[in-house]
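> Here is a sequence with its predicted model. Questions after.
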Amino acid sequence: MEHWEGCISPTPPFSLALTAGYQTAFQGQVGADTFQNGVFSRLLVRHTRPLLVRITTLSHPEDPDHPSLGIQVVGPTLSPQDTAWAMERAEWILNTSADLKPFYAHIRSDPVLGPALGLLYGLHPPRMPSLFESLVFAICGQQVSAGVARHIRTRLVEQFGESLEWNGQVRRAFPSPERILKAGRGGLRSVGLSERKVEYILECARQAVEGLLPLEDMGLGHPQQMRERLLRLRGVGQWTVEWVFLRGLGHPGVFPAGDLALQRLLARLYTGGAPLDAEGAQALAQRWGPWKGYAAVLLFAGARLGIWETLSRRSAPSVPV
């Protein structure tokens, strides 16, 4: 097994703990992504060959204002093209080039996000490495709870992903479109997907194999054209497209207003519990301007980390005894 090591210099502020933590839903592992003991790792596949990417912070304790990351690539054989590709994929996934400073300046006066900024400082909205993976992950999450979606996504990887054994552990990549097609209806149903979702995912895999869906270069192309293209796919509606843009592309200006969990969170934090629909959530999100997608990431992260409950207790008025 060959090894290669290098360095990544993210745009500050950057926190690997928060960024990789968000990518794994602060659960340690989701799908092909793991973040354990300060190491973010993912098995990628280039030209049918598995490449294990491992990333750590080089400053202890972590310093988001002066970030420096170490990257290790492991594979049966490694070429300079392999390591350059793995570096580019790692930087894309962790969104290391995002400039958060204008967004932070905009939200400092926000009554909810402003007080939480210190606790979420350096969280770069992470991304998926391919449009195909983004679509499959989004379809897995349609009309089910976040916990159920995470379970299905992880089973999908464990059962059908390309594998690499290293250091006594077997790591698996997100399954390629070819592997998804080979798994077929029975295989996909076995991980907990409904019949309709199986049909949607198989159609996405077919289009990817035929070259109609790009596997990489997700940031290229006009957003509106990509949106229209995605909406033509069977089983892909507005919620799925917004999810792909936010989690797949890390697009700062896309706000998933149709997400019911986000609507409930906004109602609790901003409207005193008064219900919000998609239109109301989108109207409220205008306060964050071109960074409303980044705001959604902070809102979700704060909910998963219990930050909103902590801040609520701190700001609660004291009760005289």
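Now that the structure is in, tell me what you want to look at. Numbers count the residues shown, from 1 in each chain.

> any low-confidence regions in this structure?
For the chain, the stretches flagged by pLDDT under 70 are 214-222, 314-321.

> which helices and strands does the strand or helix carrying residue 228 pack with?
If you go by DSSP states H and E, residue 228 is part of helix 223-231. Here helix 223-231 touches helix 238-243, going by 3 or more CB pairs under 8 Å, 6 or more residues apart in numbering; DSSP states H and E. For every residue, glycine as well, the C-beta is placed using N, CA and C.

> ok, then the element right after the helix it packs on?
Heading C-terminal from helix 238-243 (DSSP H and E), you reach helix 260-270.

> buried set for that following helix?
Neighbour-count burial for helix 260-270 flags 262-263, 265-270 (criterion: 16 or more other CB atoms under 10 Å).

> can you tell me the distance between the two ends of stretch 106-124?
16 Å (CA to CA, to the nearest Å).

> who touches it?
Identification of contacts with stretch 106-124 by CB atoms under 8 Å, 6 or more residues apart in numbering yields 10, 12-15, 18-19, 22, 64, 67, 94-96, 98, 100, 104, 250, 269-270, 287-289, 291, 295, 297-299, 301-302, 305, 307-308, 311, 315.

> and if we set it to 7 Å?
13-15, 18-19, 22, 64, 94-96, 98, 100, 104, 269-270, 288-289, 291, 295, 297-298, 301-302, 307, 311 (CB atoms under 7 Å, 6 or more residues apart in numbering).

> which among these end up buried?
Burial by neighbour count, judged by 16+ other CB under 10 Å, picks out 13-15, 18-19, 22, 64, 94-96, 98, 100, 104, 269-270, 288, 291, 295, 297-298, 301-302, 307, 311 from the contacts of stretch 106-124.

> circling back to that earlier point, closest to residue 176 among the buried residues of helix 260-270?
Nearest to residue 176 among the buried residues of helix 260-270 is residue 262, at 31.1 Å by CB to CB.

> So the closest one is in contact with residue 255, correct?
No - Residue 262 is not in contact with residue 255 according to CB atoms under 7 Å; the separation is 8.4 Å.

> Identify the contacts common to the two.
residue 296.

> can I assume residue 248 is in contact with residue 134?
Yes - counting by CB under 7 Å, residue 248 touches residue 134, with 2.9 Å between them.

> Do you have the strands of the stretch 101-250 of the chain handy? List them.
163-166, 169-172 (DSSP state E, counting those that start in this stretch).

> Figure out which of those strands is closest to residue 242.
strand 169-172 (28.1 Å).

> Partner strands of the closest one, with direction?
strand 163-166 (antiparallel) (DSSP bridges).

> in the partner strand, what counts as buried?
For strand 163-166, by 16+ other CB under 10 Å, it's 164, 166.

> Same question for stretch 82-100.
Neighbour-count burial for stretch 82-100 [16+ other CB under 10 Å]: 82-83, 85-87, 89-96, 98, 100.
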